[in-house]
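Participant: Sequence plus predicted model, see below.
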Amino acid sequence: MNGDRTMRPPTILDVANEVGVSKSLVSLVMRGSDGVSPMSRKAVLDAAAKLGYRPNAAAQTMVRQRSYAIGVMVSDLHNPFFADVIDGIDTAVTEAGYRAIMTTGNRVPEREHLAVATLLEMRVDGLVLASPVLAREHVVAASQAVPTVIVGKATRAPTIDSVTNDDRRGAEMVVDHLVELGHRRIAHIDGGLGAGAKPRRTGYIRAMRRHRLESEIRSVRGSFAEDGGDAGMRALLAESRLPTAVFVANDLAAIGVLEVLDAEELDVPGDISVVGYDNTALAASHRSGLTTVDQPRHDMGRMAAELILEKISTDRATARRAVLLPKLVARESTGPPRS
């Protein structure tokens, strides 16, 4: 008999026999029922660990009508911004007895749609979408299936929670900082269609107008990737009148800008000051010491998870909008322009 058991995964009956209790008691323990004494619970769990027994997740989902899993779709795993967001999400859901299931769409709407559909097929209890580029109608459809929260991108959908940084205010802080240093020719390399790109571009334009620098407004197309910064900076260098400072949509793209300037033997910040956005590990570790805007990434992830868990447990119908304030972090990549 023992030889037979080693040839197959242990079952709930094996655990019951190991402890000398009924299958129903083992089932109560595995479902997390309150109606079990601490001594019996410990004995069952110890036996399950000894035998290597794992409850069937699909069966538990059917019994409980809940999977205790939160699906997390991340826009771009290559962007270090999302590492801290994921850490915040994972910390909060683990503390609540849930698990996080991660996937990505790599900034491609069709792939994000497939990623979300896959998570829903896995019967997750809720969805956290981190800076999605997914079409709005697909996000709304997902929210009709399970509670959904978006982190890193604003939404007006009446049933979808969101956690964002005040991107417009952050961009204005960048322009204010550069103007205080004496810059007037301040260009912007935007984030294309990425989440948060539009409000950052709007903040840049609004601040330039506030400082009466309308004639100096120059925004070129980029992306939230290193090659987006590279392309945007090369477009600016091709013009006859160079900016003295460049505000780049995020840190990853700013690294692309710094690499181009280094290849062209232009000094940072002597020839051109550079500012990023996000305050990722890249900003502090880069040899130029990148000035950037800090987003509380871990807090954003944690708050998104807490909102989704609250919505699951209370069936709250109205949406909540959490907007966190950014902070400028000045480093060596910005300085006064040369006279």
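Facilitator: Sure thing, it's come through.

Participant: only C-alpha atoms for contact and neighbour calcs from this point on.
Facilitator: Fine.

Participant: ranges for the strands of this structure?
Facilitator: Per DSSP state E, the chain carries strands over the ranges 69-74, 99-104, 126-130, 148-151, 161-165, 186-189, 218-220, 245-248, 273-275, 292-294, 321-324, 327-329.

Participant: Buried residues in the first one, which are they?
Facilitator: The one in question is strand 69-74. 69-74 (16 or more other CA atoms under 10 Å).

Participant: What pairs with that strand, parallel or antiparallel?
Facilitator: strand 99-104 (parallel), strand 126-130 (parallel) (DSSP bridges).

Participant: Out of these, which one sits most buried?
Facilitator: Mean neighbours per residue, mean count of other CA atoms under 10 Å, is largest over the strands paired with strand 69-74 for strand 126-130, with a mean of 27.

Participant: can you give me how far that one is from the chain middle?
Facilitator: 9 Å (CA atoms, centre = their mean, to the nearest Å).

Participant: quick one on the thing from earlier: for Ala283, find the nearest of the strands paired with strand 69-74.
Facilitator: strand 126-130 (20.9 Å; CA to CA).

Participant: if you average pLDDT over that closest one, what comes out?
Facilitator: In this model, strand 126-130 has a mean pLDDT of 93.

Participant: how big is the angle separating that strand from strand 161-165?
Facilitator: 20 degrees (axes from the mean of the first three to the mean of the last three CA atoms, to 10 degrees).

Participant: can I get the CA coordinates of strand 126-130 in CSV?
Facilitator: The C-alpha coordinates for strand 126-130 follow below in CSV (Å, rounded to 0.1, in the frame of the first residue of the first chain):
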residue,chain,number,x,y,z
GLY,A,126,-10.0,40.4,-9.0
LEU,A,127,-7.8,42.2,-11.5
VAL,A,128,-5.0,44.7,-11.1
LEU,A,129,-4.0,46.3,-14.4
ALA,A,130,-0.7,48.2,-14.2
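
Participant: Show me where the stretch 51-200 of the chain dips below the pLDDT cut-off.
Facilitator: 54-66 (pLDDT under 70).

Participant: how about the helices of it, start to end?
Facilitator: Counting by DSSP state H, counting those that start in this stretch, one finds helices in the stretch 51-200 of the chain at the ranges 57-64, 81-95, 109-121, 136-145, 167-180, 197-210.

Participant: what comes up buried for stretch 188-204?
Facilitator: For stretch 188-204, using 16+ other CA under 10 Å, the buried residues are 188-192, 194-204.

Participant: Regarding stretch 92-111, how distant is the last residue from the first?
Facilitator: Stretch 92-111 has an end-to-end distance of 27 Å (CA to CA, to the nearest Å).

Participant: Residues contacting that stretch, please?
Facilitator: Applying CA atoms under 8 Å, 6 or more residues apart in numbering, the external contacts of stretch 92-111 come out as 68-77, 89-90, 112-115, 119, 132-135, 194, 302, 305-306, 309.

Participant: Check stretch 206-225 too.
Facilitator: 79, 171-172, 175-176, 184-194, 201, 205, 228-229, 231-232, 235-236, 249-250, 252-253, 256.

Participant: And it, how far out from the chain middle?
Facilitator: Its chain's C-alpha centre and that of stretch 206-225 lie 26 Å apart, by CA atoms, centre = their mean.

Participant: could you flag which of the contacts of stretch 206-225 are buried?
Facilitator: Using 16+ other CA under 10 Å, the buried members of the contacts of stretch 206-225 are 79, 171-172, 175-176, 184-192, 194, 201, 205, 228-229, 231-232, 236, 249-250, 252-253, 256.

Participant: sorry, back to before: for my notes, please list the strands paired with strand 69-74 in TSV and give distance to Val323 for each entry.
Facilitator: Below are those laid out as TSV (distance: least, CA to CA, whole Å):
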stretch	distance to Val323
strand 99-104	23
strand 126-130	15
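
Participant: Any idea which of the ones you listed gets closest to Asp166?
Facilitator: Closest approach to Asp166 among the strands paired with strand 69-74 is made by strand 126-130 (15.7 Å; CA to CA).

Participant: For the spatially closest residue to Thr91 that is not a sequence neighbour, list the residues it contacts.
Facilitator: Distances taken as CA to CA, 6 or more residues apart in numbering put Arg302 closest to Thr91, at 7.0 Å, once the chain neighbours are dropped. Contacts for Arg302 (CA under 8 Å, 6+ apart) come out as 85, 87-92.

Participant: For Pro336, state which of these is nearest.
Facilitator: Nearest to Pro336 out of the contacts of Arg302 is Val85 (CA to CA; 33.8 Å).

Participant: what's the distance between the closest one and Ala322?
Facilitator: 15 Å.

Participant: Looking at these two, which one has more neighbours?
Facilitator: More neighbours surround Val85 than the other of Val85 and Ala322, with 23 against 18 (other CA atoms under 10 Å).
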